[in-house]
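Q: Give me a 3D structure for the following:
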Amino acid sequence: MPILRNKTHRLIGLHLGIAGMFTILLMFALQWGPSREWVTFSWLASWLVAINLSTFAYYGFDKFQARTNGSRVPEVVLHLLVVLGGGVGAYFAMQLFRHKTIKGRFRLVFWAIVAVQFTILLAWMLGYW
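A: A predicted model of the protein is given here:
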């Protein structure tokens, strides 16, 4: 495993690790369910709910850090959360927190990721049916 050499790389690794752990724990909590038995909720649905909640929380955390001049979440982490399926959570967080809505380059990358994901979903649906 490569050693993370500078502060930015360590920060990216830290945030991805925290978001990943939170997402996986939430996904398993959704699968286990309140009845303490495995539910029929699909793994994909559990993942999408969990990653969107994690993404929403991370955008809110980054907005809080921005307001208090704290250590910010690197943009690459926010984009990777969207790539992993957190686009809906990111969109609602951007609207609710008014975060990353003015920065043109960030929005361009966000919408490009969403467009690619939508195209893949549409191609899969057309091929599936």
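
Q: in which helix or strand would I find the residue positioned nearest the centre of the chain?
A: Among the residues of the chain, the one closest to the centroid is residue 81, at 2.8 Å (Cα atoms, centre = their mean). Using DSSP states H and E, residue 81 sits within helix 75-81.

Q: Report the rounded mean pLDDT for that helix.
A: The pLDDT scores in helix 75-81 average 95.

Q: list the contacts for residue 55?
A: For residue 55, the contact set (Cβ atoms under 8 Å, 6 or more residues apart in numbering) comprises 19, 78, 81, 82, 86, 87, 89, 90, 93. In short, each C-beta sits where N, CA and C put it, glycine included.

Q: do residue 79 as well
A: 109, 110, 113.

Q: Show the buried residues in those residues.
A: The neighbour count (16 or more other Cβ atoms under 10 Å) marks 109, 110, 113 as buried among the contacts of residue 79.

Q: Do you have the helices of this structure handy? List them.
A: Ranges of helices in the chain, per DSSP state H, are 7-32, 43-67, 75-81, 87-97, 104-128.

Q: biggest separation within the contacts of residue 55, which pair?
A: Greatest spatial distance among the contacts of residue 55 (Cβ to Cβ): 19 and 87, at 14.5 Å.

Q: Return the alpha-carbon coordinates of the helix holding residue 81 using CSV.
A: Output of helix 75-81 as CSV, limited to C-alpha atoms (Å, rounded to 0.1, in the frame of the first residue of the first chain):
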residue,chain,number,x,y,z
GLU,A,75,-13.3,18.5,-3.3
VAL,A,76,-12.0,15.2,-4.7
VAL,A,77,-13.6,13.5,-1.7
LEU,A,78,-17.0,15.1,-2.4
HIS,A,79,-16.8,14.1,-6.0
LEU,A,80,-15.8,10.5,-5.2
LEU,A,81,-18.8,10.3,-2.9
